[in-house]
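> Generate a structure from the sequence data that follows.
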Amino acid sequence: MKTIEDLGDLAGQRVLVRSDLNVPIKDEVIGDDGRIRASLPTLIKLAKAGAKVIVTAHLGRPKGEPNPAYTLAPVAKRLGELLQPEGITVHFATDVTGESAQEAVQELDEGEVLLLENVRYDPREESKDEAERGALADELAALADVFVSDGFGVVHRKQASVYDVARKLPHAAGGLVLAEVEVLKKLTEDPARPYVVVLGGAKVSDKLAVIDNLLAKADRLLIGGGMVFTFLKAQGHEVGKSLLEEDQLDVVRGYLKDAGDKIVLPTDIVVAPEFKGDSPATVVAADAIPADQLGLDIGPDSGKAFAAEIAGAKTVFWNGPMGVFEMAAFAGGTKAVAQALTEVDGLSVVGGGDSAAAVRQLGFADDAFGHISTGGGASLEYLEGKELPGLAVLEED
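Predicted structure coming up:
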């Protein structure tokens, strides 16, 4: 993949950057600005080189039409606050490629940044029709001279602002994409051992391909979150009202049979009668979940056991919380895993998505970990061994 340096002198050039600024926003207040901060190094590098930086990004799922709930205006404000100490001004266009965008590009000075409105306001962005996506890509390309792909969280999507526009302009990978790929290569090509993978989240079905691919690579696979109850049921245990994927039981039985002691399951579970933060929580053995209770976190003994496995590792990849971390009563398992990752003598990787949100919500600093990915879905697909369209196109001449 070409780098920004390969694009030559960018002073005065219009550089279109695909960033991932998809952050949680409620009532115009950003809950976690991690992805915005992750985008800064590339934007600063380009602006300091004298480029006219035009950023395209998405927020949420507005379903191809303008929706005030998904405007990037609060993101533009936050971006401006973060870049102000660098002396970089941020402007905002109120459309994707229309009159506002075109006028703003014409008025943009060297070293300034322009954020375009939510690219998913345009239905062509996510269209399955190549001609439709290509038409939007043409409009985006008309705003710029070169393209930099720096939104790792969307590189697994074949979308106009990710894939098609890269085929229409001289292109390069931004610093964030390069850093993410470098880390993922360390996880897949020759990981330092012992190599421990921690998987959580709601569903086994979301992680099947990852389990398939990593079982051969990892030394230990620690399972938590809602997906653990399908494993416990596959062992013949009662799981009460816990989340369960009946259609995955045979697959999971196969994993348990073939993996030997590679797969580590919790020995205790935090249960409650209802999915509520104030529901009375109790700790029970993993093989003794009452029929009228549901599991909402791994138990304290399991948290200690998982932490011990992580402590002895040289490489750790974690994707998916161990429980309903948003509720204090069910955050203990996730916190135990996060704390253990901060103490790893080697590479510790938080695999984006809910895991990244969890560590920040629980008060951990980003730099306490070796790497926090900005792309949960993209990371998982890479670890599954899939080709990511947004990366593949960057390798084209």
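
> so what's residue 72 up against?
21, 57, 59, 92, 115-118 (Cβ atoms under 8 Å, 6 or more residues apart in numbering). C-beta coordinates here come from the backbone N, C-alpha and C atoms, glycine included.

> Oops, could you answer that again for residue 276 instead?
Counting by Cβ under 8 Å, 6+ apart, residue 276 has contacts residue 327.

> give me that answer again for 7 Å
Under the criterion of Cβ atoms under 7 Å, 6 or more residues apart in numbering, residue 276 has no neighbours.

> so which helix or strand takes in it?
Assigned by DSSP states H and E, residue 276 falls within no helix or strand.

> shift numbering so it begins at 43
I'll keep to 43 as the first residue from here, and by that count the last item is residue 318.

> any idea how far residue 404 is from it?
20 Å (Cβ to Cβ, to the nearest Å).

> Just confirm residue 255 is within a helix.
Yes. Under DSSP: H, G, I helix; E, B strand; the rest coil, residue 255 falls within a helix.

> All the strands of the stretch 43-192 of the chain, residue numbers only.
With DSSP state E, counting those that start in this stretch as the criterion, the stretch 43-192 of the chain has strands at 56-60, 67-68, 71-72, 94-98, 132-134, 155-157, 188-191.

> Among those strands, which comes closest to residue 384?
strand 71-72 (24.5 Å; Cβ to Cβ).

> who's in contact with that closest one?
65, 116, 120.

> Run a quick neighbour tally on the closest residue to residue 340 other than its chain neighbours.
Leaving aside its sequence neighbours, residue 340 sits nearest to residue 375 (Cβ to Cβ, 6 or more residues apart in numbering; 3.7 Å). When counting by other Cβ atoms under 10 Å, one arrives at 29 neighbours for residue 375.

> Report the contact partners of residue 375.
Taking Cβ under 7 Å, 6+ apart, we find residue 375 in contact with 266, 339-340, 344-345, 364-365.

> ok, 10 Å please
242, 266-267, 308, 310-312, 338-342, 344-345, 348-349, 363-367 (Cβ atoms under 10 Å, 6 or more residues apart in numbering).

> and residue 238, that's in a helix?
No. Residue 238 is assigned strand when assessed by three-state DSSP, not a helix.

> Would you check how far apart residue 346 and residue 303 are?
Distance of residue 346 to residue 303, computed by Cβ to Cβ: 18 Å.

> Over to residue 114?
48 Å.

> Now for the closest residue to residue 333 other than its chain neighbours: which residues touch it?
Excluding the flanking residues, the one nearest residue 333 by Cβ to Cβ, 6+ apart is residue 282, at 5.1 Å. Contact analysis of residue 282 by Cβ under 10 Å, 6+ apart lists 271, 311, 313, 315, 326, 330-337.

> Can you flag which of those residues belong to helices?
residue 271 (DSSP state H).

> most neighbours, which of the contacts of residue 282?
That'd be residue 311 among the contacts of residue 282, by other Cβ under 10 Å, with 30 neighbours.

> Now that residue: closest residue in space that isn't a chain neighbour?
residue 337 (4.4 Å).

> mind listing the helices for this structure?
Using DSSP H, helices in the chain cover 76-90, 115-125, 141-149, 172-183, 217-230, 250-256, 270-276, 291-301, 342-353, 374-384, 395-403, 418-426, 431-434.
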